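Novice: here are the coordinates; sequence isn't available:
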C-alpha cells in the first residue's frame with residue numbers, strides 16, 4: 001500500500017468532515033445554501049491561483065495541455081453539481097444524517113470503476129460490504145420521518161461526487177495532482193454560480209456573521225481537494241473513496257459535540273463498521289502503480 005496516498009486521502013477526509021458543520025453555522029447565520037457554495041468555491045480558487053503564481057516550485061504546475069484542460073473542466077463540472085445538490089440537501093437535513101447518506105459514494109465509485117472494466121480485489125469488496133452495512137445501520141433509525149427531498153438531493157450529490165472521483169482518476173493518468181487541483185477548482189468556481197442559479201436560485205446577500213464559516217470552508221475545500229487528488233493518483237479511485245469514509249466519523253462527532261445532534265446505539269454500531277472498513281487498508285496488497293505523467297512535459301521549477 002502506498003502510505004503517502006493513504007495519508008493524503010485521510011487528510012482529505014478529516015478536512016472534509018468539518019465542512020458540513022461549517023455550512024450549518026453559515027446557515028444559522030442566515031446564509032443561502034447556493035451562495036455558500038459559490039463563495040467558498042470562488043475563494044478557494046482565487047487563493048490557489050495566488051499560491052501557484054507566487055511559489056516558484058508550484059508555478060510549473062500551471063502548465064496544462066488542451067485535452068487535459070477539458071478533463072479538468074469535466075471534473076470541476078461534476079463536482080460543482082454535486083456540491084450544489086449536497087448543500088441544498090444539507091439545508092433540509094441534520095448534518096450527521098446528510099453526511100451518512102452522502103457516504104454512499106465509495107460504493108458508487110467501485111461500481112463505476114467495475115463497469116469501466118477494472119477488477120476489484122476480494123479484500124476491497126469486503127471493505128465495501130462493511131461500509132455498506134455500516135451505512136444501512138446508520139440510516140436505519142431516522143429520528144422521525146426523513147425529508148425525502150433532502151435525501152434525494154444528497155443522494156444525487158453522492159452520485160456526482162463518485163463520478164468526479166472516477167473522472168479524476170482518468171485525468172490523473174497524465175498530469176500531476178497539483179495541476180488537476182488548480183484547474184478543476186477553477187472550473188468548479190466557474191460552474192457553481194450557473195448550477196446554483198438553475199437549481200437553487202441563490203441570493204446575493206451574505207450576512208457578515210456567515211463569512212467566517214465560509215472562509216474556513218474555502219480553506220477546507222482547497223486543502224482537501226489537493227489531498228484527495230494526491231490519494232487518487234497513488235491509490236486509485238476506489239481505495240481513496242473507501243478511505244475517505246473516515247470523514248463521516250469526523251462529521252458525526254462534530255455534529256454531536258457542537259450542534260447537539262444525536263445518534264442511536266445502532267447508528268453508532270454502523271459507524272464502527274465504517275471504521276473497520278477504513279482500518280482494513282493496512283491489509284491491502286500493493287496495487288499496480290498508475291501510469292506516470294510524462295515528466296519531460298513538465299517545465300522545470302524556476
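Specialist: Now that the structure is in, tell me what you want to look at. Predicted, not measured: the structure shown is a model, and the values here were computed from it.
Novice: what's the burial count for residue 214?
Specialist: 22 (other C-beta atoms under 10 Å). C-beta here means a position set from N, CA and C on the backbone, and glycine is covered the same way.
Novice: Which element, helix or strand, includes it?
Specialist: Assigned by DSSP states H and E, residue 214 belongs to helix 211-235.
Novice: That helix packs against which elements?
Specialist: The contact analysis (3 or more C-beta pairs under 8 Å, 6 or more residues apart in numbering; DSSP states H and E) places helix 211-235 against helix 3-17, helix 19-28, helix 33-54, helix 148-171, helix 177-199, helix 237-243.
Novice: quick one: average confidence on that helix?
Specialist: Looking at helix 211-235 alone, the average pLDDT works out to 81.
Novice: on that earlier part again, out of the helices and strands packed on helix 211-235, which is closest to residue 252?
Specialist: Residue 252 sits nearest to helix 3-17 of all the helices and strands packed on helix 211-235, at 8.5 Å, using C-beta to C-beta.
Novice: Distance from the closest one to the middle of the chain?
Specialist: Put simply, helix 3-17 sits 11 Å off its chain's centre (C-alpha atoms, centre = their mean, to the nearest Å).
Novice: So which other helices or strands are in contact with that helix?
Specialist: helix 211-235, helix 237-243, helix 246-258.
Novice: could I get these as CSV with distance to residue 24?
Specialist: Listed next are the helices and strands packed on helix 3-17 as CSV, based on distance: least, C-beta to C-beta, whole Å:
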stretch, distance to residue 24
helix 211-235, 8
helix 237-243, 24
helix 246-258, 8
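Novice: Nearest to residue 156 among the ones you listed would be which one?
Specialist: helix 237-243 (17.0 Å).
Novice: Poorly predicted segments of the stretch 101-250 of the chain, please.
Specialist: 116-120, 138-146, 199-204, 228, 231-245 (pLDDT under 70).
Novice: Can you tell me how far residue 27 is from residue 154?
Specialist: 15 Å (C-beta to C-beta, to the nearest Å).
Novice: Of those two, give the one with the bigger neighbour count.
Specialist: Neighbour totals were compared for residue 27 and residue 154, and residue 154 leads with 28 against 18 (other C-beta under 10 Å).
Novice: For that one, which non-adjacent residue is spatially closest?
Specialist: residue 89 (3.7 Å; C-beta to C-beta, 6 or more residues apart in numbering).
Novice: Residue 72 now?
Specialist: residue 183 (3.7 Å).
Novice: If you count neighbours, what's buried in stretch 39-46?
Specialist: Buried residues in stretch 39-46, defined by neighbour count with 16 or more other C-beta atoms under 10 Å: 39, 40, 41, 42, 43, 44, 45.
Novice: And the last one, what's its pLDDT?
Specialist: On the pLDDT scale, residue 45 is placed at 92.
Novice: Return the distance of it relative to residue 222.
Specialist: 8 Å.
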